[in-house]
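Asker: structure for the following, please:
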Amino acid sequence: MQKQLLSLLLALFFLGGCATLHPGWEKPAVGLTSIRILPSNGILPRFEIGLQVLNPNRTPLPLEGIVYSVSLNNNKILTGVANDLPTVKEYGQEELKLVSGINLGGSIKLFNQLLSSGKSSFTYTFTAKIDTGRFSPTLHFKEEGTLNSALSLDTK
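Answerer: Numbering: from 1, shown residues only. Presented below is the predicted three-dimensional model:
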């Protein structure tokens, strides 16, 4: 009987997850702030992606790692990972600068779409998965919008 009770308590603890460990915890916000072409020594360009991370909580937010991508018209163009990231202070924000290579396959598909469609705008999607440590939840973010021929960004 004690073994069953202990098993039940452990299951409830693990099912409760971070809600029981961090009452009142709010999901941080991540926003895409810039995409810039960097000088390149090779054939393929490299890009710098700017992100702003806002921590609305009273505890610091350690950023252990990030996996991210940028898609244009549903073609994955930029992908990258990073693990040399800061800790965002409580009720603080950090500006991240990430360097990404280009996905050649997705870029060729996009180029063919642009040639055949003649559209003056296309959609973009930014996705990120951020690891905040062993005992914290993995955070998932998605931002979508439209980029028109004048290169202005309209977020949804």
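Asker: in what helix or strand does the spatially most central residue of the chain lie?
Answerer: Nearest to the geometric centre of the chain sits Ala128, at 1.9 Å (C-alpha atoms, centre = their mean). Using DSSP states H and E, Ala128 sits in strand 121-131.
Asker: who touches that strand?
Answerer: 30, 32, 51, 53, 63-74, 110, 113-114, 138-149, 153 (C-beta atoms under 8 Å, 6 or more residues apart in numbering). Placement of C-beta: from N, CA and C, glycine included.
Asker: let's see that with 6 Å instead.
Answerer: The contact list for strand 121-131 (C-beta atoms under 6 Å, 6 or more residues apart in numbering) reads 30, 32, 64-73, 138-148.
Asker: show me those that map onto strands.
Answerer: Using DSSP state E, 30, 32, 65-72, 139-148 are the members of those that sit in strands.
Asker: rewinding a little: partner residues bridging the residue nearest to the centre of the chain?
Answerer: Ala128 forms beta bridges with Tyr68, Phe141, as assigned by DSSP bridges.
Asker: and it, how far from Leu38?
Answerer: 19 Å (C-beta to C-beta, to the nearest Å).
Asker: count of residues packed around Lys142?
Answerer: 9 (other C-beta atoms under 10 Å).
Asker: tell me the predicted confidence for the nearest residue to it once chain neighbours are set aside.
Answerer: Leaving aside its chain neighbours, Lys142 sits nearest to Thr127 (5.1 Å; criterion: C-beta to C-beta, 6 or more residues apart in numbering). Thr127 is assigned a predicted lDDT (pLDDT) of 95.
Asker: run a quick neighbour tally on Thr127.
Answerer: When neighbours are defined as other C-beta under 10 Å, Thr127 has 16 of them.
Asker: pLDDT of stretch 85-101, averaged?
Answerer: Here stretch 85-101 scores 95 as its mean pLDDT.
Asker: mind listing what's buried in stretch 104-122?
Answerer: 106-107, 109-110, 122 (16 or more other C-beta atoms under 10 Å).
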